[in-house]
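Chemist: Sequence first, then the predicted structure:
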Amino acid sequence: MVKEKIIAMLAEATDTDASEITLETKFADLGIDSLDMTEMAMDLEDEFGIEFTPSPELNTVGKLIEAVEKLAAEA
Amino acid sequence: MITSPICDMLGIPYPVFQGGMAWIADGKLAAAVSNAGGLGIISAMNANAEYVREQIRLAKSLTDKPFGVNIMLMSPFAADCAKVCAEEKPAVVTTGAGSAAPYIQMWKDAGIKVVPVIASVAMAKQSERAGADAVIAEGQESGGHIGELTTMALVPQVVDAVKIPVLAAGGIGDGRGIAAALMLGAKGVQMGTRFLVAKECGVHQNYKDMVLSAKDISTQVTGRRFGGNTCRGIKNSFTRNFVKMEYAPDATPGSVADLGAGSLRKAAVDGDVKEGSVLAGQIAGMVSREQTCEEILTEIMQETEACLKGAAAWVK
């Protein structure tokens, strides 16, 4: 659920086909910078009812999904 | 006399921060700005913790006024430098290029005021929630790393979105700019380019001369195509080559990622203003003479006052 939603959000934001986004995809390769990531964090907060602060370590799609899944489970 | 909640918060006469310019804003410049009534800021850039400690101690030896340190969060040494700040306790820490959230509590516990530089409403809200004391809303008119929005559009939107004081940065070079920023709802400003040519600033003379002779259209933005490292500097061989390479048909984010490495040092320290990166804001065209920090601050505050007093003439 978190995974599908995040990939769908990324696909829409970057005009990329969802099938091309994998867990290993790096945000830098999608052209997503820290500004974009902060916007997405706000959307993720609304979507999953969590408080989420992005950090540079979350540099791949897989790492982001993992972090959000953990927060959503605690929420 | 102009006063603002920023002056009260920090105990400084003028609500003017000097931008934390990498390779340029050292302890000497920061102390000079603070002695002249603004808030001087040391750039921690990509330097290690020892450099930052040294510069903080240098500033302390030159001024008893409050000053700040800018932590560049993308730096590999950001965590170490953050810790040095908690130990050395400058009055203020400003942050750039990322989220300051992981460090805010540590700094607050040390009695430091935390003021992140932000380029969007979302970043401002995140900073406020993490405990920031104020934010600096920086428009893309500024030099160095920039976001998308202009100061004119960004500042009022940030002011509406957060309760903490907002400082405006980007495109402010004199008292008219400060007065305008206050009208947009800012409680203070941050200026980089104007202080870059201050007599107390130790940047290479070639770099200063480039800024002093710049015109309104002299700056160029590099790194915009792929984002992440978008920078404004004065147009030269370096920026032209960069733009040519990033817009080449076979360019990828990876192929341009390291184009800027070492280029700022080359210009600011070695004085190679052709192949180095001469970061400066769009107001470079307004800056035409070297002055002391005291002359700069006295002049811009007088201008601000004149502008604000004169504004009443518009209302009938």
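Modeler: Right, received. Where do you want to start? Numbers count the residues shown, from 1 in each chain, chains lettered A, B, ... in the order given.
Chemist: Can you classify the residue of chain B found nearest chain A as helix, strand or coil?
Modeler: Per Cβ to the nearest Cβ, B:Gly228 is where chain B lies closest to chain A, at 4.0 Å. In this view, the C-beta of every residue, glycine as well, is placed from N, C-alpha and C. Secondary structure, DSSP: H, G, I helix; E, B strand; the rest coil: B:Gly228 is coil.
Chemist: since we're on it, how many residues are nearby?
Modeler: By the criterion of other Cβ atoms under 10 Å in any protein chain shown, B:Gly228 has 19 neighbours.
Chemist: Check the spatially closest residue to it that is not a sequence neighbour and give its pLDDT.
Modeler: Nearest residue to B:Gly228, sequence neighbours excluded (Cβ to Cβ, 6 or more residues apart in numbering or on different chains): A:Asp33, at 4.0 Å. A:Asp33 is assigned 81 on the pLDDT scale.
Chemist: just B:Met21 next, same as before
Modeler: On pLDDT, B:Met21 comes in at 93.
Chemist: And the residue of chain A that's closest to chain B?
Modeler: Chain A approaches chain B most closely through A:Asp33 (4.0 Å), counting by Cβ to the nearest Cβ.
Chemist: Helix or strand next in line after the helix or strand bottoming out on mean pLDDT in chain B, which one?
Modeler: The helix or strand of chain B with the poorest confidence is helix B:253-256; it has a mean of 84 (mean pLDDT, DSSP states H and E). On the C-terminal side of helix B:253-256, the nearest following helix or strand under DSSP states H and E is helix B:263-268.
Chemist: Are there helices or strands packed against that following helix, and which ones?
Modeler: Counting contacts by 3 or more Cβ pairs under 8 Å, 6 or more residues apart in numbering or on different chains; DSSP states H and E, helix B:263-268 is packed against helix B:205-212.
Chemist: now the helix it packs on, how far from the chain's geometric center?
Modeler: On the basis of Cα atoms, centre = their mean, to the nearest Å, the separation between the geometric centre of helix B:205-212 and that of its chain is 18 Å.
Chemist: what's the next secondary structure element after that helix?
Modeler: Note on helix B:205-212: by DSSP H and E, the next helix or strand toward the C-terminus is strand B:219-222.
Chemist: For that following strand, which outside residues touch it?
Modeler: B:140, B:143, B:146, B:230-235, B:239-240, B:242-243, B:246, B:259-260, B:280-282, B:284 (Cβ atoms under 8 Å, 6 or more residues apart in numbering or on different chains).
Chemist: Count the residues that sit near residue 28.
Modeler: You didn't pick a chain, so chain A it is. By other Cβ under 10 Å, the residues close to A:Ala28 number 17.
Chemist: I was thinking of chain B, sorry if that wasn't clear
Modeler: Per other Cβ under 10 Å, the neighbour tally for B:Lys28 reads 17.
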